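Novice: The following comprises the amino acid sequence and a computationally predicted model.
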Amino acid sequence: MKLLYTVNSPYARKVRIVAAEKHIDVQLQEVVLSAPDCPVKDYNPLGKVPVLILADGDSLYDSRVIAEYFDNRTPLAHLIPKDNGAKSAVRRWEALADGVCDAAVAVMLEQRKPQPMQDAAFIDKQMDKVTRGLTVLNNDLGQNKWCVDDAFSLADIAVGCTLGYLGLRFSQVINLAEDYANLDRLQASLLQRQSFKDTLPVAN
Ligand SMILES: N[C@@H](CCC(=O)N[C@@H](CS)C(=O)NCC(=O)O)C(=O)O
């Protein structure tokens, strides 16, 4: 199995962490999405990472599908609970964390345009999603150690990857310690794990 990824994709980081936590042997291939010979489109018509290429040449995307595939590859240490209620809760945390990331990525791409071409209303709308999402994640976590049922799960991984991305791209405007103290504490716990340390985003 081969995983196509970019270093700073929070979605790719999520599945790299799942693979590490589940001790799944997967070959990692870093790609440059803008390169003319980038192989991603050959395996994902949407042209997005992460993509998992299976032994038979078939491919899986997106990160939610790959995370579930990895989780079911080995029976140990499930990151997505089997119980239906807990599973839905984990998937909802993931959906919200990914949604915050989607909005943050949209802002980052808009801000990369030349200033006169940027749409301020669009940026405000997306930033509103980011702050409302973070507020709900922070409040729902409360004083709990982990997001769902006091057990480390895909929910924590998804939230941690979103926080990592915001730290990389939005540290000037989002102060986790001041405004989202529960998430800040969660992030500190996650950063103790080798899987998180090994996949830190890189400023570029
Ligand atoms: N929902 C997708 C999102 C993947 C995604 O947006 N990846 C970005 C990198 S962070 C990408 O590949 N963007 C390239 C593009 O949109 O053309 C997932 O969870 O895998």
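Specialist: Perfect, thanks for sending it. Residues are numbered from 1 along each chain as shown.
Novice: where does the residue of the chain most remote from its centre land on pLDDT?
Specialist: Distance from the C-alpha centroid of the chain peaks at residue 116, with 30.7 Å (Cα atoms, centre = their mean). What the model reports for residue 116 is a pLDDT of 96.
Novice: Ramachandran angles for it?
Specialist: phi -70, psi -20 (degrees, to the nearest 10).
Novice: How much space separates it from the ligand?
Specialist: 23 Å (Cβ to the nearest ligand atom, to the nearest Å). In this view, the C-beta of every residue, glycine as well, is placed from N, C-alpha and C.
Novice: Mind giving me the packing neighbours of the lengthiest helix in the chain?
Specialist: For the chain, the helix reaching the highest residue count under DSSP state H is reported as helix 84-111. When contacts are defined as 3 or more Cβ pairs under 8 Å, 6 or more residues apart in numbering; DSSP states H and E, helix 84-111 packs onto helix 10-21, helix 63-73, helix 120-141, helix 154-169.
Novice: nearest to residue 99, of the ones you listed?
Specialist: helix 120-141 (6.1 Å; Cβ to Cβ).
Novice: roughly how far is the longest helix of the chain from the heart of the chain?
Specialist: From the chain centre to the centre of helix 84-111 is a distance of 8 Å (Cα atoms, centre = their mean, to the nearest Å).
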